[in-house]
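Colleague: Just need the structure, nothing else, for what follows:
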Amino acid sequence: MGFTVQEETFDSIWDEWESILPSCSTNTVFVTPWWQKVWWDNFCADNELHILSVREGDDLIGVAPLMISNGVLTFAGDKELFDYLDFLVPKGNESIFYDALFGHIMDMDWQSIDLPSLPKDSPTLEYLPTLAKGKGLKVEVEDEETTPVAYLPETWDEYL
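Modeller: Residues are numbered from 1 along each chain as shown. The predicted model follows:
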């Protein structure tokens, strides 16, 4: 069975988006559909929204919440406000997702791609640069600001 990439709306993919979040490597409040929709509705009237789904038949493989702003294809979200942005890809679907997504975005109308605020362990950092270089595109991966993280024990008693 083949893989398809489709344009979605927040409403058309909302439930599926929420259902895959727990199995994605990046699962922060900033990549939830409700956070993204509120931000979009209030701050992005002049940008072009592209919520892309990658599917195998009816099965959702992953979600790419993207926008085009002034010719730049980027994540829907603001790197100044959102600590982590990423594609929503359940673990194990990465190769399929990035191959299908990259083929689709190569046909979109943009001048550059900027994917800020990726977590350092994001599979996007492994897959997309390799695919882009394979198409002869110039790729730069830069470290940005670091967001501190504190890992807490599971229970209050363990914390004490």
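Colleague: Next, name the residue at the spatial heart of this protein.
Modeller: residue 87 (2.0 Å; Cα atoms, centre = their mean).
Colleague: which residue sits closest to that residue, ignoring its sequence neighbours?
Modeller: residue 64 (5.0 Å; Cβ to Cβ, 6 or more residues apart in numbering). To be clear about C-beta, it is placed using only N, CA and C from the backbone, and glycine gets the same treatment.
Colleague: Check for me that that neighbour belongs to a helix.
Modeller: No. Counting by DSSP: H, G, I helix; E, B strand; the rest coil, residue 64 is not part of a helix but strand.
Colleague: And it, how far from residue 10?
Modeller: To residue 10, residue 64 is 13 Å away according to Cβ to Cβ, to the nearest Å.
Colleague: between these two, who's got more neighbours?
Modeller: residue 64 (25 against 18; other Cβ atoms under 10 Å).
Colleague: Enumerate every residue touching the residue nearest to residue 87.
Modeller: By Cβ atoms under 8 Å, 6 or more residues apart in numbering, the residues touching residue 64 are 50-54, 87-88, 101, 105.
Colleague: before we move on, what about residue 93?
Modeller: 61-62.
Colleague: what about 10 Å?
Modeller: Residues near residue 93 by Cβ atoms under 10 Å, 6 or more residues apart in numbering: 20, 23-24, 54, 56, 59-62, 100, 123.
Colleague: can you check residue 113 too?
Modeller: Applying Cβ under 10 Å, 6+ apart, the residues contacting residue 113 are 66, 68, 72-74, 105, 128, 132, 137, 139.
Colleague: With respect to residue 157, which of these is nearest?
Modeller: residue 128 (42.8 Å; Cβ to Cβ).
Colleague: Can you name the residues bridging to the residue nearest to residue 87?
Modeller: residue 52 (DSSP bridges).
Colleague: if I look at it, how far off is residue 142?
Modeller: Distance, residue 64 to residue 142, using Cβ to Cβ: 21 Å.
Colleague: can you count the residues close to residue 151?
Modeller: So residue 151, with other Cβ under 10 Å, has 4 neighbours.
Colleague: how many other residues sit next to residue 107?
Modeller: Close neighbours of residue 107, defined as other Cβ under 10 Å, add up to 7.
Colleague: Could I get the contacting residues of it?
Modeller: Contacts of residue 107 by Cβ under 10 Å, 6+ apart are residue 5.
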